[in-house]
Each structure stands twice: as C-alpha cells, then as structure tokens.
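Peer 1: Sequence and predicted structure below; questions after.
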Amino acid sequence: MTRRRVGVLISGRGSNLAALIAAAQAPDYPAEIVLVVSNRPEAAGLAYASEHGIASEIADHKAFATKAEFEARLQAVLSVAGIELVCLAGFMRLLSGEFVELWQNRIINIHPSLLPAFRGLDTHVRALAAGVCIHGATVHFVRHETDEGPIVAQAAVPVLPDDNAERLAARVLRAEHRLYPMALRLVASGVARGVGERVVFDGRHLREPNAVLFSPAADQED
Ligand code: GRF
C-alpha cells in the first residue's frame, strides 16, 4: 500500500493533529504524517510532532512582510518534504486564492460546525444562541472562501439542555478526533475526491453511508 505523505498545519493546541498521528500508526492507514508546520513558534501541538519523531517547521507569519512571502515559505517546507496532502488542524491563517489553487483538492480542513451553518469563529456560542438541537463538525476540501468547500464527512452531536459553550465544544472536539482520521482515510485512499464543488465517492463507499456522516451521541458519556 502506498501511503500518502501528509503535512499538518497547526497554530495551537494540536489535539486534532494528535488524533491524526495516532490513526496513522495503524499499518493499513493510507497516509503518514511526515511534517507538522506551525505559524506560531509557541504552538503546544508542536510537542506531538517531536514526541513521535515527526519533522516540524515554523512558518511564522509575523516574520514576513507579505502574505505571499509567508506562503512561499509554507510552499517551500511542504515541497522539500514531498508533501502530497495538507491537513489544516486549527490553523488560524487564511490562505490566499493562489495558494489554495496550487493545492486544489489536496488541502482539507476541519471546522467545528455542521457546515454550511456557522462558518467562522465562535461556532459553539453561536450554535447555542441559535438554539439548534444538533451541532457538530465538518471536514471539507479547502476553497478560497473561508470554511467553504466540498464536504468530505460530518459528525453530529446533540445540544443538551444544560450546555454551555465549553461543554458543547468538548463534545464536538471528541467527535472531531474521530471524524478527522476517518475523513483523511477517505481522501488519502482516493475513495473521496474533490470534483468541481462536490466530493465524489467511489462505488465501494456509496454502499457505506455511515462512513461520511456519523453521530457519536449514542456512545458518549454525557
Ligand atoms: C478545532 O476545533 C478545529 O475544528 C478548529 O480549530 C480547533 C483546533 O483544535 N479548526 P486543536 O488545535 O486541533 O486541538
């Protein structure tokens, strides 16, 4: 089995990075995490890379006068490492249309809402304010508009009566840690492909609808 070479871009905590690293340890996983890039030198998630002997690079956006120069640095570290697929995992910089174009259908992102609802920041506060009963997370191919792009997979969680933003965020995050490895498996194996503005799944996958939408509510403690 050929394993796709994956670079993960982070800015902070890195819990989704940790979930991807853990999943990629399975011998049949179709991707290997070979590089972690952070735009923040102090990102806590960089520790996961060093603990697992994974190379890491800093591309500090503050060190560059323009976004183009920052992205040139990103591009340089990704190409030196022979990266084939990029996962954004809590990466808090907006990528330009040019960069996204360069990596068309080869960058995926995880967003803490059921897109297209609640694009942008503070999704859990906004979900509570809107009074939705179901919230969740989405993995999608990246397009030049923020939190837009063909949806690979989603996870749904309930909003419970006594929720606050922290409790809801924690429930969504647990779902993210299952969702992102599953979605990367689909993309890296070629089962899920971005075609135009949709994701096309191969025939094998179409018979397994649970693989693109799952609800972990039933097996959660709360
Ligand atoms: C996650 O909630 C992810 O959905 C969002 O940023 C957060 C990153 O968390 N894009 P972590 O750094 O992976 O712990």
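Peer 2: Received it, and whenever you're ready, just let me know what you need.
Peer 1: from memory residue 37 sits against residue 57, does it?
Peer 2: Yes. Residue 37 is within contact range of residue 57, at 4.9 Å (criterion: C-beta atoms under 8 Å). Quick note: C-beta positions are derived from backbone N, CA and C, even for glycine.
Peer 1: what is in contact with the two at once?
Peer 2: Common neighbours of residue 37 and residue 57, counting by C-beta atoms under 8 Å, 6 or more residues apart in numbering, are residue 77.
Peer 1: contacting residues around the residue in the chain that the ligand sits nearest to?
Peer 2: Here the chain gets closest to the ligand at one residue, residue 90, 2.6 Å apart by C-beta to the nearest ligand atom. Neighbouring residues of residue 90 by C-beta under 8 Å, 6+ apart: 10, 11, 12, 13, 14, 15, 16, 17, 45, 110.
Peer 1: I only care about the residues you listed that end up buried; give me the PyMOL line for that.
Peer 2: Command for PyMOL that selects the buried part of those, burial taken from 16 or more other C-beta atoms under 10 Å:
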select buried, resi 10+11+12+14+15+16+17+45+110
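Peer 1: which of the contacts of residue 90 are close to the ligand?
Peer 2: 10, 12, 13, 14, 15, 16, 17, 45, 110 (C-beta under 6 Å from any ligand atom).
Peer 1: Restricted to strands, list these.
Peer 2: If you go by DSSP state E, these have 10, 110 in strands.
Peer 1: and the ones next to the ligand among the contacts of residue 90, which of them are in helices?
Peer 2: 15, 16, 17 (DSSP state H).
Peer 1: what comes up buried for stretch 187-198?
Peer 2: 187, 188, 189, 191, 192, 193, 194.
Peer 1: Quick check: of those, which lies closest to residue 68?
Peer 2: Distance to residue 68 across those (C-beta to C-beta) is lowest for residue 194, with 24.5 Å.
Peer 1: Need the three-state assignment for that closest one.
Peer 2: strand (DSSP: H, G, I helix; E, B strand; the rest coil).
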